[in-house]
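Chemist: Got a predicted model here, sequence first, then my questions.
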Amino acid sequence: MAWFKREIKGIITTTEEKKEAPDGIWNKCPNCKKPLHYSEQVENQYVCHYCGFHIRIGSKEYFSILFDDNQFTELFGDLVSGDPLEFTDTKKYTDRLTETKRKTGLKDAIRSATGKMNGQDLVIACMDFNFIGGSMGSVVGEKIARSIDYSIANKIPFLMISKSGGARMMEAAFSLMQMAKTSAKLALLAQAKVPYISLLTDPTTGGVTASYAMLGDINIAEPGALIGFAGPRVIKETIKKDLPKGFQTAEFVQEHGFLDFIVDRREMKEKLASFLKMLAVPAPAPAPPVG
């Protein structure tokens, strides 16, 4: 039965001959579920052009968006986590670190770099959620501390981009100590009158929210970002009350006074550049000539 085999020229006869799109070319918007082409995502700075949802991105993407021509110098790139507690749960912490480094190509949950943004010098420390949930361990705290020292020494503004599930449980008290260390370093940055802008992205939670993420001269967030300390379930069980609609979204947090601005990622570079100009300390006027 030739008609049943579709032998007409030009008609595909088997599924083996069909060409599938390579992985990573297309994906769905997590919010509206509409298909997005990768090139369109890059062009639109990883914001869905259908619904405006801000897709989670990491340090590589933020650096390409904010630094002029994606030109920057990475700082303290050789820092890696140790295992001071010899932590073991379902697997050794050292094995978890090795596996995560291989999968992500990152050395820890943060990268720091310096470069120019709209011609202005800037230091950026950006967290990566793909590295053990963007958890804050000793390396995260140390990189932030050293980045702040670099900003102070060179009088360069500091931008912190937070994206984290909180403290890294595998480092216990060593992780919690980073809250105090980074906060103390930010106090020194303020004394030096070097501007600090904190950008909170989805999600920013736990000890990160309770320390450096909320200590900016200007605190800003991306639309719809989850921002909070404990999770909604824990809070509900603690206070024994239903939580308001939209609780812990950037919009709710701003309405209650914890954020200065919510900025669309597509406008982020221009907004940050304007903030830095406002915060810049004017150079002292030259002394009048003697005589």
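Modeler: It's in. Numbers count the residues shown, from 1 in each chain.

Chemist: going forward, measure contacts and count neighbours with C-alpha atoms only.
Modeler: Noted.

Chemist: in stretch 212-230, what's buried?
Modeler: 212-216, 218-229 (16 or more other C-alpha atoms under 10 Å).

Chemist: Give me the distance between the two termini of it.
Modeler: 16 Å (C-alpha to C-alpha, to the nearest Å).

Chemist: residues in contact with that stretch?
Modeler: Residues outside stretch 212-230 that contact it (C-alpha atoms under 8 Å, 6 or more residues apart in numbering) are 53-54, 160, 162, 179, 182-183, 186, 195-207, 209-210, 248-251, 253, 258-265.

Chemist: Inside strands: which ones of these?
Modeler: If you go by DSSP state E, the contacts of stretch 212-230 have 160, 162, 196-204, 261-262 in strands.

Chemist: Among the residues you listed, find me the one that's closest to I110.
Modeler: Distance to I110 across the ones in strands among the contacts of stretch 212-230 (C-alpha to C-alpha) is lowest for S162, with 9.1 Å.

Chemist: Which positions in the longest helix seen in the chain come out as buried?
Modeler: Secondary structure of the chain per DSSP state H: the longest helix is helix 172-191. By neighbour count on 16+ other C-alpha under 10 Å, the buried set for helix 172-191 is 174-179, 181-183, 185-186, 189.

Chemist: quick check: mean pLDDT across that helix?
Modeler: Across helix 172-191, the average pLDDT comes to 97.

Chemist: and that helix, what other elements does it pack with?
Modeler: Contact analysis of helix 172-191 by 3 or more C-alpha pairs under 8 Å, 6 or more residues apart in numbering; DSSP states H and E lists helix 138-154, helix 206-209 as its packing neighbours.

Chemist: If we use 6 Å, what do you get?
Modeler: Packed against helix 172-191 by the contact rule (3 or more C-alpha pairs under 6 Å, 6 or more residues apart in numbering; DSSP states H and E) you find helix 138-154.

Chemist: quick check: mean pLDDT across the helix it packs on?
Modeler: 98.

Chemist: Next, count neighbours for E40.
Modeler: E40 is flanked by 15 other residues according to other C-alpha atoms under 10 Å.

Chemist: doesn't it fall inside a strand?
Modeler: No: checked against DSSP: H, G, I helix; E, B strand; the rest coil, E40 lies outside a strand; its state is helix.

Chemist: any idea how far G52 is from it?
Modeler: Applying C-alpha to C-alpha, the value for E40 to G52 is 13 Å.

Chemist: With Q248 instead?
Modeler: 19 Å.

Chemist: These two: which is more packed in?
Modeler: The neighbour comparison of Q248 against G52 (other C-alpha under 10 Å) goes to Q248, with 23 against 17.

Chemist: Please name the bridge partners of the closest residue to the more buried one other than its chain neighbours.
Modeler: Of all residues not flanking Q248 in the chain, I227 sits nearest, at 5.2 Å (C-alpha to C-alpha, 6 or more residues apart in numbering). Counting by DSSP bridges, I227 forms beta bridges with T204.

Chemist: pLDDT at I227, what is it?
Modeler: So, for I227, pLDDT stands at 96.

Chemist: residue contacts, T104?
Modeler: Residues in contact with T104 (C-alpha atoms under 6 Å, 6 or more residues apart in numbering): none are found.

Chemist: repeat that with 8 Å
Modeler: 130-131.

Chemist: With A210 instead?
Modeler: By C-alpha under 8 Å, 6+ apart, the residues touching A210 are 179, 229.

Chemist: Could you measure from it over to D108?
Modeler: Taken as C-alpha to C-alpha, the span from A210 to D108 is 21 Å.

Chemist: cool, and E251?
Modeler: From E251 over to D108 (counting by C-alpha to C-alpha), the distance is 30 Å.

Chemist: Between those two, tell me which one has more neighbours.
Modeler: More crowded of E251 and D108, by other C-alpha under 10 Å: D108, with 29 against 20.

Chemist: so how far is S59 from the more buried one?
Modeler: For D108 relative to S59 (C-alpha to C-alpha), the value is 11 Å.
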